[in-house]
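S.K.: Sharing a sequence plus its predicted fold:
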Amino acid sequence: MSKKGGPAISSILKLIVPAGKAMPSPPVGPALGQRGVKSMDFCKQFNDRTKDLILETPTPVAIHIKPDRTFTFAVKSPPTSWLLKRAAGVAKGAAQPGKETVGSVSLKHIYSIGQIKATDPAMSHIDLRSICKSIVATAKSVGIKVVH
């Protein structure tokens, strides 16, 4: 059977890569390699784009791979739970959230995290108050107390 020449489809690959530390080793190298993209090119561009962030910050990235094996990517803000744990000064969340707390953050921290999250394109249509409510709910699910 012969293959029909249908339209080529681009794919989206989502990864969480440490800021400024992208290397062609796992998980980046194999994920890009099996799609025919040179991982070294991505690593250089990603590290250039994230050089202003604190090193090792987990940074979500969406890579759009085109049929001709070229790519574009969008860097997003760090996960909310990571920002909350960093603001509270804890390494891990609670084993039993709701029953125990591992740290606390103030509303000022919530507001500053909300401003960081508001820069994401996916959050552009949501007002800051709603983003902050979502962050408070995430803090509760991680076991971090919000102090007024």
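M.R.: That came through fine.

S.K.: Mind telling me what element Ile16 is part of?
M.R.: Ile16 is part of strand 11-18, with elements assigned from DSSP states H and E.

S.K.: separation between Leu53 and Lys76?
M.R.: Leu53 is 12 Å from Lys76, where distance means Cβ to Cβ, to the nearest Å. Every C-beta, even on glycine, is put in place using the N, C-alpha and C of the backbone.

S.K.: ditto for Cys43
M.R.: Counting by Cβ to Cβ, the gap from Cys43 to Lys76 is 18 Å.

S.K.: rewinding a little: check the contact lists of Leu53 and Lys76 and give me the overlap.
M.R.: Common neighbours of Leu53 and Lys76, counting by Cβ atoms under 8 Å, 6 or more residues apart in numbering, are Thr59.

S.K.: Going by neighbour count, list what's buried in stretch 69-76.
M.R.: Using 16 or more other Cβ atoms under 10 Å as the burial criterion, the residues of stretch 69-76 that qualify are 71, 73, 76.

S.K.: whoops, stretch 84-100 was the one
M.R.: Under the neighbour-count criterion of 16+ other Cβ under 10 Å, stretch 84-100 has 84-88, 90, 93-94 buried.

S.K.: Equivalent analysis for stretch 24-34, please.
M.R.: Neighbour counts over stretch 24-34 (16+ other Cβ under 10 Å) mark 24, 28-29, 31-32 as buried.

S.K.: C-alpha coordinates for that stretch, PDB please?
M.R.: The C-alpha coordinates for stretch 24-34 follow below in PDB (Å, rounded to 0.1, in the frame of the first residue of the first chain):
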ATOM      1  CA  PRO A  24      20.700  17.500  25.500                       C
ATOM      2  CA  SER A  25      20.500  14.700  28.100                       C
ATOM      3  CA  PRO A  26      17.200  13.200  29.300                       C
ATOM      4  CA  PRO A  27      14.500  14.400  29.400                       C
ATOM      5  CA  VAL A  28      15.100  17.100  26.700                       C
ATOM      6  CA  GLY A  29      17.400  15.100  24.300                       C
ATOM      7  CA  PRO A  30      15.300  12.000  23.800                       C
ATOM      8  CA  ALA A  31      12.000  13.900  23.600                       C
ATOM      9  CA  LEU A  32      13.300  16.100  20.900                       C
ATOM     10  CA  GLY A  33      15.400  13.500  19.200                       C
ATOM     11  CA  GLN A  34      12.500  11.100  18.500                       C
END
